[in-house]
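# quick one: sequence and predicted model below, then my questions.
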Amino acid sequence: MAEKNNFKAFEAALKQDNTNLYIFSDKEPYFREKAEEMLRRQILGEDDMNDILLDGDSLTPEALSEAVDAPPIFAPRKLIRVHRFAPSSVSAEDGELYLSVLSDIPDYAVVLLMLAEPAKKGRGGDSNALAKGLSKLSTPFEFETPTPGELAKLIQRMCRAAEKGISPSDADYFISLCAGSDTQTVLSEAKKLLSVSRDEIRREDIDSLISLSPDAASYLITGAIFDGDSAKAITLYRNQIKKGVSEYVLSSVIFSDLKRYYAVKLGMGAGISEAELLKFLSISDKRLFVLKKIVARVDVPRLRRSVTLAADNEYALRSSSGDGVLETELLIMKLCVLLGRRM
């Protein structure tokens, strides 16, 4: 199972530079991507010629062996990066071949495996011979998502570096608006704060600068729903209404998101490939990874029921003169009860 190594532990390992196999668990995109770029810079510098990127979905042991064995071109070292590598999807025979290649990497090569799934116990997880073998060759780095408090401190440091001030309470308030977002999204939103002309960033600046698209807002709202956190989900919903987003638009986007969750669950059960799901749903592979983790803990009947409830709400909003905001808040509370409990 992956050790919960944080980013500082990776930096220390990179400084020692005494391994030619790195394994990243795909959990926190921001720190994983930052670590990947740091590794690339250390091994290659500005050299792009010896940066080999392979797709784990279509990778074979033979292809990896060829990439590893081929010497670097006009350089002392080369980097082989494998995205979306899934040990549990590899046959026992291929697993042995992969371990043979990865246990005998030449000094001039460094291999980075980015797992398409978190290390886990049970069938197809740590019981998988390849997963066990990899853990003996190199300890996976699993970059943990920072807590809201850690993110707030990170925002304060960003502002200080830009010679701007922000109070701890306003930094906490900013983080609350980004609740449920990954670190990359939070930091991207935080960069908007640095455009404030005055030296001290105030709450009114945050309210005027930070805005989420209906799609992004729905992503956060549905995330809170699946956590069973009705207070957070409704707060996020009301924040969007206050910013002038139509309740009809929000309801429609939430409905569409719930249909995506349902489609992912059905697709996983039917054995549909990740590539087909990405094409069908028109979402990023990172978003699909998150959706798969969420729906893994909810059964099909409840997901089907959630779509039905959202469809009924859509119909009610468009055919009634009632309070659309209140009706959608009631829907959110029902969904939290329905989807928030585990199987």
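Good, I have the coordinates.
# now what about stretch 83-101, what contacts it?
Stretch 83-101 has contacts (Cβ atoms under 8 Å, 6 or more residues apart in numbering) with 26, 53-57, 59-62, 64-65, 68, 113-117, 124-125, 128-131, 133-134, 137, 274, 285. The way it works is simple: take the backbone N, C-alpha and C, and place the C-beta from them, glycine included.
# give me the element residue 205 is part of.
Assessed by DSSP states H and E, residue 205 sits inside helix 203-209.
# just after that helix, pick out the following helix or strand.
Remark: after helix 203-209, the chain's next helix or strand is helix 214-226, criterion DSSP H and E.
# extract the CA atoms of that next one and return them as PDB.
Only the C-alpha atoms of helix 214-226 are listed here, as PDB (Å, rounded to 0.1, in the frame of the first residue of the first chain):
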ATOM      1  CA  PRO A 214     -22.200  27.000 -13.000                       C
ATOM      2  CA  ASP A 215     -20.400  23.800 -14.000                       C
ATOM      3  CA  ALA A 216     -17.700  24.400 -11.400                       C
ATOM      4  CA  ALA A 217     -20.300  25.300  -8.800                       C
ATOM      5  CA  SER A 218     -22.300  22.100  -9.600                       C
ATOM      6  CA  TYR A 219     -19.200  20.000  -9.300                       C
ATOM      7  CA  LEU A 220     -18.600  21.400  -5.800                       C
ATOM      8  CA  ILE A 221     -22.300  21.100  -4.800                       C
ATOM      9  CA  THR A 222     -22.600  17.500  -6.000                       C
ATOM     10  CA  GLY A 223     -19.300  16.600  -4.200                       C
ATOM     11  CA  ALA A 224     -20.800  17.900  -1.000                       C
ATOM     12  CA  ILE A 225     -24.000  16.000  -1.700                       C
ATOM     13  CA  PHE A 226     -22.100  12.700  -2.000                       C
END
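# tell me the mean pLDDT over that helix?
Mean pLDDT, helix 214-226: 86.
# now do that helix: everything it contacts.
For helix 214-226, the external contacting residues (Cβ under 8 Å, 6+ apart) are 178-181, 185, 212, 230, 232-233, 236-237, 239-240, 245, 249-250, 253-254, 256-258, 261, 287, 294, 297-298, 332, 335-336, 339-340.
# could you say what helices and strands the helix or strand just after that helix packs with?
Per DSSP H and E, helix 214-226 leads on to helix 230-242 as the next helix or strand towards the C-terminus. Where contact means 3 or more Cβ pairs under 8 Å, 6 or more residues apart in numbering; DSSP states H and E, helix 230-242 is packed against helix 214-226, helix 247-270, helix 324-339.
# which ones are touching residue 248?
Counting by Cβ under 8 Å, 6+ apart, residue 248 touches 317-318, 324.
# and if we set it to 7 Å?
Going by Cβ atoms under 7 Å, 6 or more residues apart in numbering, residue 248 touches 317, 324.
# check residue 277 too.
Residue 277 makes contact with 264, 267, 288, according to Cβ under 7 Å, 6+ apart.
# skipping adjacent residues, who's closest to the second one in space?
Closest residue to residue 267 apart from its sequence neighbours, by Cβ to Cβ, 6 or more residues apart in numbering: residue 277 at 5.0 Å.
# perfect, that will be all.
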